[in-house]
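> Okay, here's the prediction I keep looking at, along with the sequence it came from:
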Amino acid sequence: EDQVTQSPEALRLQEGESSSLNCSYTVSGLRGLFWYRQDPGKGPEFLFTLYSAGEEKEKERLKATLTKKESFLHITAPKPEDSATYLCAVPQAGTALIFGKGTTLSVSS
Amino acid sequence: SAVISQKPSRDICQRGTSLTIQCQVDSQVTMMFWYRQQPGQSLTLIATANQGSEATYESGFVIDKFPISRPNLTFSTLTVSNMSPEDSSIYLCSVVRGSYNEQFFGPGTRLTVL
């Protein structure tokens, strides 16, 4: 059974304190791994898609990496506006997504 | 990306009633999905809605409870029937777009059942 596990569940950082979020997955044939950002009361906002081990993508202070078993979302010098829940997901057959439970990031100034 | 709108954005309903949620996309898409996000939880797929065919439901979700319509390639509706407080959730539609099958989500409908 396809499964996605994210850790930690919650992460509190000081502004400027870099860290990483983890997403481990078990799928029968990876068809991509997706990262989303979700603000309270809103729909998930697409961030990245990664398709092959060794692939990296960056967007502002965020960098996503992928290995054969897990993905990391690195946050460099975070700001309070980076506070949100970060979700990772993998596609089932037919492209519908299986989501992890998310990591809620809080960045204080 | 994709511009997706949902109506209503939120509603408070009485037990035993039904609510229909609309999802409108800015351009034609083949596949649309409906997800549920219960309080404090992640997203769970309810069903896949393809135009011209019956919706495909995930385990634990049935058509009598969550009927779906997909009359054209830019629009879909999800009805939550005979509601109970356990149906209080955010309901989200999504579409697949782009060469890498990126999936984009609407803003969600926050439903509270009393």
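Looks like it came in fine. Model, not experiment: these values are computed from the prediction.
> Name the residues linked to the residue positioned nearest the centre of chain B by a beta bridge.
Nearest to the geometric centre of chain B sits B:Trp34, at 3.4 Å (C-alpha atoms, centre = their mean). Beta-bridge partners of B:Trp34, counted by DSSP bridges, are B:Ala47, B:Cys93.
> can you pull the buried residues of stretch B:105-114?
Neighbour counts over stretch B:105-114 (16 or more other C-beta atoms under 10 Å in any protein chain shown) mark B:105-111, B:113 as buried. To be clear about C-beta, it is placed using only N, CA and C from the backbone, and glycine gets the same treatment.
> Can you say which two of those are spatially most distant?
Pairwise distances across the buried residues of stretch B:105-114 (C-beta to C-beta) peak at 22.2 Å, for the pair B:Phe105 and B:Val113.
> packing partners for the lowest-mean-pLDDT helix or strand in chain A?
One helix or strand of chain A scores below all others by mean pLDDT, DSSP states H and E: strand A:97-99, with a mean of 91. With contacts taken as 3 or more C-beta pairs under 8 Å, 6 or more residues apart in numbering or on different chains; DSSP states H and E, strand A:97-99 sits against strand A:3-7, strand A:84-91, strand B:43-50.
> let's go with 10 Å and repeat that
strand A:3-7, strand A:33-38, strand A:84-91, strand B:31-37, strand B:43-50 (3 or more C-beta pairs under 10 Å, 6 or more residues apart in numbering or on different chains; DSSP states H and E).
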